[in-house]
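K.L.:
got a sequence here, can you build the structure:
(one chain, ligands or ions: 2)
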Amino acid sequence: MNSSFKFATHDFIHVDNITKYRGRAVSPWPQNAPKSAILEHLSLTLRRHERVGLVGVSGCGKSTLLKAILALEHIDNGTIYCDGKIVTPGSARSLRWYRRRVQYLPQEPASTLPPLMRIKDILSEPLRRLSHSGNALPDLAQALEQVELSPGFLDKPAGSLSGGQAQRVALARALIIQPVFLLADEPVSGLDLPLREQIKSLLLRVAEENRMGLLLVSHDISMLAGLCERTLVMEAGKIIEDRPTQQLLHLPHHPHTRQLLKAVPGILSTRL
Ligand SMILES: Nc1ncnc2c1ncn2[C@@H]1O[C@H](COP(=O)(O)OP(=O)(O)OP(=O)(O)O)[C@@H](O)[C@H]1O
Ligand SMILES: [Mg+2]
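P.N.:
Ligands and ions are numbered 1, 2, ... in the order given. As a prediction, this is how the structure comes out:
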C-alpha cells in the first residue's frame, strides 16, 4: 500500500496502517478459512521524548505490537517508519541504526540475562555491537549507578542477582547506549509492590534525565498514571482510545476503557 504519511519534525516512530494475521494460511481452502488478525489496520505516531502507556486485556496484541515496531516480528500489511526511514525485519547489521535509537525491555527481562555471564560483560555487549566509540569500560559503573546499583555488581554473574536487581541490570543494558526511545513490555509484572514503585520512579527519572521517549505496556493503570502523559487503549488488535492519561482516567470515552478502569479500585478517585 502506498502511504501518504508525512513526517513532522517532532514525530519519531510512525506505524502506518499495519495488519498482522494469526499464523500463516495453511488451509487447503483458504477462501473458507478467513484469516483472523492480531493487529488490524493499526496506525500510531510516537513523538520524540513523549511517554506513552499501552493498556488492554491479555491477548489483545500489546506485545505483538511492540515486537512489530521493533522489527522482531513480520507484519502482513502496512509500514513502520522511524525518523522517516522504513523499518523492516532483517539482519542485525541492517537494523543497527534502528537498535541504536530504539531499545527494548522485554516481558520478564530478568529471564533474558545469561546466568553465568558477568554483569560487566552483559552491559558491554550492546556497547560493542551498537556504539560508535567501542570504548566501553568507563561507562559501565555509571550505567549501574543510573539504576541505583553499586559498581561492586560488575563482577557478579547474572545468576546471583535477586529479581529486582536483575530487572535493574536489564534496564541498564537497554539504557547504556542512550536510546531515543525505550519500548518496555510490562517491566514490573511479577515484582512486589515496593519494587514496582522503585522501578517506576527509576524509569521516570531516567526518561527525564536522558530525554528518552517511552512506550510502556502495563496491566497496572496506576503505574501508567504516574509515568505517561498519554495512554493508548487496545482491544482485539486495534487502538480504541488514544488520549492524555489524566483525561482518559477521569473521563474514559470507550466502554471497554471504563471496564479496564473498573478493574483498578480507587484509580478514578485518586487521580481526581
Ligand atoms: N506468532 C504468533 N502466531 C499466532 N498467534 C500469535 C502469535 N503471537 C501472538 N499470537 C496471538 O496473538 C494474540 C495477541 O498476543 P499478545 O502476546 O500480543 O497479547 P498481549 O496483549 O501482549 O497479552 P498479555 O497481556 O497476556 O501479554 C494472542 O491471541 C496470541 O495468542
Ligand atoms: Mg504481552
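
K.L.:
how near is the spatially most central residue of the chain to residue 71?
P.N.:
Centroid-nearest residue in the chain, with CA atoms, centre = their mean: residue 183, separated by 1.9 Å. As defined by CB to CB, to the nearest Å, residue 183 lies at a distance of 11 Å from residue 71. C-beta: built from backbone N, CA, C; applies to glycine.

K.L.:
what does the helix or strand the residue nearest to the centre of the chain falls within contact?
P.N.:
Using DSSP states H and E, residue 183 maps to strand 181-185. Defining contact as CB atoms under 8 Å, 6 or more residues apart in numbering, one finds that strand 181-185 is touched by 12-13, 46, 48, 62-63, 66, 69-70, 101-107, 174-175, 203, 207, 212-217.

K.L.:
and the helices in the stretch 51-200 of the chain?
P.N.:
Using DSSP state H, counting those that start in this stretch, the helices found in the stretch 51-200 of the chain span residues 62-69, 96-101, 119-130, 137-146, 163-175, 193-210.

K.L.:
which is the next helix or strand following the longest one?
P.N.:
Beyond helix 193-210 in the direction of the C-terminus, DSSP H and E gives the next helix or strand as strand 213-217.

K.L.:
quick check: mean pLDDT across that next one?
P.N.:
For strand 213-217, mean pLDDT is 96.

K.L.:
in it, which residues are buried?
P.N.:
213, 214, 215, 216, 217 (16 or more other CB atoms under 10 Å).

K.L.:
got the residues of the stretch 1-150 of the chain near ligand 1?
P.N.:
By the rule CB under 6 Å from any ligand atom, the part of the stretch 1-150 of the chain lying against ligand 1 is 22, 23, 38, 56, 58, 59, 60, 61, 62, 63, 64.

K.L.:
any of those residues buried? List them.
P.N.:
Taking 16+ other CB under 10 Å as the criterion, what is buried in those is 38, 56, 60, 61, 62, 63, 64.

K.L.:
picking that back up, out of the helices of the stretch 51-200 of the chain, which gets the lowest mean score?
P.N.:
Note on those: helix 137-146 shows the lowest mean pLDDT, a mean of 80.

K.L.:
elements contacting that one?
P.N.:
helix 119-130, helix 163-175 (3 or more CB pairs under 8 Å, 6 or more residues apart in numbering; DSSP states H and E).

K.L.:
got those helices as CSV, with distance to residue 262 and mean neighbour count columns?
P.N.:
Rendered in CSV, the data for these read as follows (distance: least, CB to CB, whole Å; neighbours: other CB atoms under 10 Å):
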stretch, distance to residue 262, mean neighbour count
helix 119-130, 41, 19
helix 163-175, 29, 22
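
K.L.:
mind checking which of these is nearest residue 226?
P.N.:
In this view, these are compared for proximity to residue 226 by CB to CB, and helix 163-175 is the closest at 16.9 Å.

K.L.:
elements contacting the closest one?
P.N.:
Packing partners of helix 163-175 (3+ CB pairs under 8 Å, 6+ apart): strand 102-105, helix 119-130, helix 137-146, helix 193-210.
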